[in-house]
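Peer 1: Next comes the sequence, and after it the predicted model I'd like to discuss.
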Amino acid sequence: MNDNNANWLEIARELQALSQSGLTFSDNHFERDRYNRISEIASEIFGKYTEIDSEKFTDIFLDQKGYATPKIDVRAATIKEGKILLVKEAADGKWSMPGGWADVGDKPSEVAERETKEESGYIVKAQKIVGVFDANRSGRPLELFHAFKIIFLCEFVGGEAKASDETLDVGFFPLDNLPELSSNRTNERHLNEIKAHLENMERRTYFD
């Protein structure tokens, strides 16, 4: 996405949320028409700034049902012999902590453990929450939808390195010598908090 001016993203995302929530509670076709039009306007804004057909955004937005709420991204910070487990994302060829969107019915800790197994082949056990971050406010472009990110500090249990459909490679890296990061998924802000917890395991959970 073009990040020269992130304000358009905030506006478009808010319009989309208003449209989604409005469609959920609309009780006549006049209101539904108005909220559908708001969704189209949001799509047109995304289309203009991303050079992606606005109709694709319309389909994505109208597929979202119910009252609009933030999505939850869960990540696992697994340290072994002073190195952190990262996976190479197929989506952009960059590296991040294993993790992904939580599904309905998931326990947050189970998401961290399951996603690590699926994306890296390794078995881990969630130990504590490092932090709960507003994923859209960390000095970088906003994502399509508002999201919160929960990072768990995890204990390495076992398993063997194995990439997946979503990952190209797996590895442990020194915290002071990391590969290029997929910043939407893992960035310096997250890593600094992880380092602080490793230095002081009694440190309180960070939150925005």
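Peer 2: That came in fine, so what should we check first? Residues are numbered from 1 along each chain as shown.
Peer 1: buried set for the longest helix seen in the chain?
Peer 2: Criterion DSSP state H: the longest helix present in the chain is helix 29-50. By 16 or more other C-beta atoms under 10 Å, the buried positions in helix 29-50 come out as 35-36, 38-47, 49-50. The way it works is simple: take the backbone N, C-alpha and C, and place the C-beta from them, glycine included.
Peer 1: Need these in CSV (columns: pLDDT).
Peer 2: Below are the buried residues of helix 29-50 laid out as CSV (pLDDT from 0 to 100):
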residue, pLDDT
35, 87
36, 87
38, 91
39, 84
40, 88
41, 90
42, 87
43, 86
44, 88
45, 88
46, 81
47, 83
49, 83
50, 79
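Peer 1: Just the closest of these to residue 95, please.
Peer 2: Closest approach to residue 95 among these (C-beta to C-beta): residue 50, at 24.0 Å.
Peer 1: Okay, buried residues for stretch 161-170 please.
Peer 2: Buried residues in stretch 161-170 (16+ other C-beta under 10 Å): 164, 167, 170.
Peer 1: Next: stretch 121-130.
Peer 2: 121, 122, 123, 124, 126, 127, 129, 130.
Peer 1: tell me which residues form a beta bridge with the fourth one?
Peer 2: Beta-bridge pairing for residue 124 (DSSP bridges): residue 156.
Peer 1: Tell me which residues touch it, please.
Peer 2: 76, 78, 85, 112, 113, 116, 117, 154, 155, 156, 157 (C-beta atoms under 8 Å, 6 or more residues apart in numbering).
Peer 1: average pLDDT for stretch 83-96?
Peer 2: The pLDDT scores in stretch 83-96 average 97.
Peer 1: excluding its backbone neighbours, what's nearest the most centrally placed residue in the chain?
Peer 2: With distances taken as C-alpha atoms, centre = their mean, residue 73 lies nearest the centre of the chain, 4.2 Å away. Nearest residue to residue 73, sequence neighbours excluded (C-beta to C-beta, 6 or more residues apart in numbering): residue 149, at 4.5 Å.
Peer 1: again, but for residue 198
Peer 2: residue 79 (6.6 Å).
Peer 1: if I've got this straight, that neighbour is in a strand?
Peer 2: Yes: Residue 79 forms part of a strand when assessed by DSSP: H, G, I helix; E, B strand; the rest coil.
Peer 1: Where do the helices of the chain begin and end?
Peer 2: 7-25, 29-50, 54-62, 108-120, 188-199.
Peer 1: how far away is residue 146 from residue 176?
Peer 2: To residue 176, residue 146 is 32 Å away according to C-beta to C-beta, to the nearest Å.
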